[in-house]
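[1] pasting the structure only:
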């Protein structure tokens, strides 16, 4: 009987913790204030890895309304400024082209996560697109620094 009560108590505690954490999702708990508007940011340029893959940079456009991120787009580019799109990696082997396209597709998902989370800080990397995630976070920080209201 005592074991059953402890189990029920544990379920209640875990459930309460989940409710609190879910209530916090999507809210902007940051103490930083932002001006309404649309802001762009860019990551630093990254060289290719030892296999010649992954070079480039990312650019983000973030829309702020009432101190919240309401829209976000994220695009990645090759070092020469060419957009990484459906043609990215077409000159690679089939396996490497698939990896390149996975990274391209992850860009839109990352932008959605920024809006859902209210921040780029909590965006989790998608397997195969880790460099893009790093570029997103760096570009978003750049954009948000431009939107920040400084005292």
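    Structure's in. What do you need? Source: prediction; values computed, not measured. Numbering: from 1, shown residues only.
[2] Could you use CA atoms for every contact and neighbour count after this?
    Fine.
[3] Spell out the residue ranges of the strands in the chain.
    37-42, 57-65, 68-77 (DSSP state E).
[4] Now tabulate those strands in a markdown table and tack on mean neighbour count.
    Output for these, formatted as a markdown table (neighbours: other C-alpha atoms under 10 Å):
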| stretch | mean neighbour count |
| --- | --- |
| strand 37-42 | 19 |
| strand 57-65 | 22 |
| strand 68-77 | 21 |
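[5] would you list these in TSV and tack on distance to residue 106?
    Converted to TSV, the strands of the chain look like this (distance: least, C-alpha to C-alpha, whole Å):
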stretch	distance to residue 106
strand 37-42	17
strand 57-65	12
strand 68-77	9
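[6] Relative to residue 145, which of those is closest?
    strand 37-42 (8.8 Å; C-alpha to C-alpha).
[7] What strands line up against the closest one, and which way round?
    strand 57-65 (antiparallel) (DSSP bridges).
[8] quick one: average pLDDT of the partner strand?
    What strand 57-65 shows for mean pLDDT is 98.
[9] relative to strand 68-77, how tilted is it?
    160 degrees (axes from the mean of the first three to the mean of the last three C-alpha atoms, to 10 degrees).
[10] For strand 57-65, give me every contacting residue.
    With contact meaning C-alpha atoms under 8 Å, 6 or more residues apart in numbering, strand 57-65 is reached by 34-46, 69-79, 132, 135-136, 139-140, 143-144, 147.
[11] 7 Å instead, please
    35-46, 69-79, 135-136, 139-140, 143 (C-alpha atoms under 7 Å, 6 or more residues apart in numbering).
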